[in-house]
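K.L.:
Could you look at this predicted model? Sequence included:
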Amino acid sequence: MDDHHGFGDFLQARRALITPQSAGLRGGGRRRVPGLRREELAQLAGISVEYYQRLEQGRAKHPSDEVLDALAEVLRLDRVEREHLHRLARPGRKDRPTSGPEPDRAVAARPELVRLLEHVRVPAMVLSDRLDVLALNPVAKRLFVHGASAAPGSWNLAVFLFLAPEAREFYVEWDRLAADTVGQLRATAGRHPDDRRLALLIDRFRAQSDTFRRLWSRADVEVRTHGTKSFRHPAVGTLTFSYETLDLSGPERQRLVTLTPVPNGPTEAALHLLTTWATDSPDSPDFTDSTVPPARQRQDA
């Protein structure tokens, strides 16, 4: 997976984002490429140009923490990006998180987690760090109608996001979510360089999605644990949630995601309808049907 998260590629992409003026350099003249030149970054980091060039070309092994911290300072990396830089520079470190005993196999959600989801009243799910959907509680199945009938682990949120045309309608802030997702996948690739399933997934996106390919070339790294997301549901319209992402301990590399409706808004009422349908399955509307469910008719009336 060297092509996916190479140390040199990350340095080069970050270097292109720092202007000479923002780095405190005078002048600079006309440039063929954006950002700092190699010699400028080396000067600011206090290392030789030759050594920096070897770093960017992947020919210098085991840079010191001092060198990495100096580069991170000049490149203005945040905490997540700094950690990513250190991981890429030391791919063989023993304290590096492993990919688990069988990184190429989809891991099912633990039965205890599945039972836990059934007792959560808001939409909740268990995901892998590749964004495979391993379990959905009943109300989440009513929200994520496009993957509700898929077998556990067979529906991937990133595949849906980048390769399914209906995703642009379903996700209100599709562009922002696409950038965040690419950053999350790059962070996962940095933590687990031997994950062949993840490498194949990234290769697929780069081959089939122009947007993914463009965002991936930026080398952004993202770890989002909370925020807001909005969805356009085919039956109840737009819903806005606050989400929380909790990484679960263990080698399975799973995370629990909950979606709580934004208070004092229409989402609470809409979620109540979804919850009612989820607990009364014989009378639940079929959202894959071409007809508009009665609830949508009442809302639009």
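P.N.:
Arrived safely.
K.L.:
Return the longest strand along the chain as CSV; C-alpha atoms alone will do.
P.N.:
In the chain, assigned by DSSP state E, the strand with the most residues is strand 237-247. C-alpha atoms of strand 237-247 as CSV (Å, rounded to 0.1, in the frame of the first residue of the first chain):
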residue,chain,number,x,y,z
GLY,A,237,-37.8,14.7,4.3
THR,A,238,-34.6,16.2,5.7
LEU,A,239,-33.3,15.1,9.1
THR,A,240,-30.4,16.6,11.0
PHE,A,241,-28.5,14.7,13.7
SER,A,242,-25.6,15.1,16.0
TYR,A,243,-23.4,12.1,15.7
GLU,A,244,-21.0,10.5,18.2
THR,A,245,-18.3,8.0,17.1
LEU,A,246,-16.8,5.7,19.7
ASP,A,247,-13.9,3.5,18.9
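K.L.:
who does the very next helix or strand once past it pair up with?
P.N.:
Once the chain leaves strand 237-247, the next helix or strand it forms, by DSSP states H and E, is strand 254-261. Sheet pairing of strand 254-261 (DSSP bridges) gives strand 124-128 (antiparallel), strand 237-247 (antiparallel).
K.L.:
how far does strand 254-261 sit from the chain's center?
P.N.:
Here strand 254-261 is found 14 Å from its chain centre; the criterion is C-alpha atoms, centre = their mean, to the nearest Å.
K.L.:
Give me the buried positions along the next helix or strand after it.
P.N.:
Later in the chain than strand 254-261, the nearest helix or strand by DSSP H and E is helix 266-279. Buried positions in helix 266-279, judged by neighbour count with 16 or more other C-beta atoms under 10 Å: 267, 270, 271, 273, 274, 275, 277, 278. Backbone N, C-alpha and C define where each C-beta goes, glycine included.
K.L.:
Give me the contact list for helix 266-279.
P.N.:
121-123, 138-139, 141-143, 233, 235-241, 261, 283-285, 295 (C-beta atoms under 8 Å, 6 or more residues apart in numbering).
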